[in-house]
Each structure stands twice: as structure tokens, then as C-alpha cells.
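Asks: output the structure for:
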Amino acid sequence: MEQNELIIMSRLRENARESLTNMSRKTYIPITTIHSKLRELENNVIKRYVALLDFTKLGYNTRAVLILRVKKEFRERLKEFLIENKYVNSLYRINNGYDYMVEVVFREIGDVEFFVEQLENSFGVERKEIYYIINEINREGFLGKASYIKLTGTIN
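Replies: The predicted structure follows:
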């Protein structure tokens, strides 16, 4: 991957709404180059543009990470359920004795407990761990501002 592509991705990770003109000004990469590189990246590397939300300001004060191991015959059905569930923010297939890591967002702790109970009753959960997220320290930081500074030597 070219350094220009890494710089562009780093700028996008920091602020995907930054204008191409402003990005060009700060990176010294011509706007036409940025535009063409973006089109290439959107076809292979960039999956989608999203907004990072403060869930607490929307009334969702409880976030948790669930780590689950389920009976083999329930894995696919559980995966489909979790993909479609409105409270699931992120879903990962993992290893080391577990099947899925699930980030959920709810209004209250009791809602998480009820959700987990439903999973246990419906999907053959053999083992589970629940971690409540107390404070978000850094999210979506990879290839962000620190990478841009390292690549360019500037703080723009």
C-alpha cells in the first residue's frame, strides 16, 4: 500500500467528513489524487462510512461484551439471531474455547441480564462471560491521528 493511501485512510479515520479540499491542503496531496485513491479504496478497503455515537446521550447507559460458547448445532442459528438483533452493536467469531464475542447496548443492566437469559434458554449456551463497559477510553483509533503524525511528521 502506498504512503499516500495510508495518509488518506488515516485522515478519513480521524474525520470522514473532512472535505477533499481541506485534506489536500493539509496533506499536500493533489485533490485529484485523493479523489482517485478514494474511489479505489472504496472498491476494496473501505467497507462503509459510519458515525460513532455516544449511546448514553440516546438513553442507552449500559454496554457489555458477551463471550459465548454454544453447542455446535446452535452456532449458525445464534449467529443469525445476533446479526438481526437491534441491541447488538458488534459481533465477532472468536477462538480459544468460545464461539462469539458480542457487544450489546441496552438502557439498563437488567436488560442485559434478561437478554443473556434468553440466549441461554434458546441457543444452548454452554459457557458465557459478561464484561460491562465502564468507560470508553479509545475507540476506532487504529490508523487515526497517531498514524497520520507518524507517516507525515506533522500534526495537521
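Asks: what's the burial count for G124?
Replies: Here the neighbour count serves as a burial measure; for G124 (other CB atoms under 10 Å) it reads 16. For glycine as for every other residue, the C-beta is placed from the backbone atoms N, C-alpha and C.
Asks: surely T62 meets I109?
Replies: Yes: under the criterion of CB atoms under 8 Å, T62 makes contact with I109 at 5.3 Å.
Asks: neighbour count: these two, which is higher?
Replies: T62 (18 against 13).
Asks: contacting residues around the nearest residue to the more buried one once chain neighbours are set aside?
Replies: Counting by CB to CB, 6 or more residues apart in numbering, the nearest residue to T62 once its immediate chain neighbours are dropped is F106, at 4.7 Å. Residues touching F106, when contacts are defined by CB atoms under 8 Å, 6 or more residues apart in numbering, comprise 60, 62-64, 87, 112, 115.
Asks: ditto for R107
Replies: Applying CB under 8 Å, 6+ apart, the residues contacting R107 are 59-62.
Asks: coming back round to it: could I get the contacts of F106 as a markdown table with secondary structure and pLDDT?
Replies: Putting these into a markdown table (DSSP: H, G, I helix; E, B strand; the rest coil; pLDDT from 0 to 100) gives the following:
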| residue | secondary structure | pLDDT |
| --- | --- | --- |
| Y60 | coil | 97 |
| T62 | strand | 98 |
| R63 | strand | 98 |
| A64 | strand | 98 |
| Y87 | coil | 98 |
| V112 | helix | 98 |
| F115 | helix | 98 |
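Asks: pLDDT below threshold where in this structure?
Replies: The model of the chain has pLDDT under 70 over residues 146-156.
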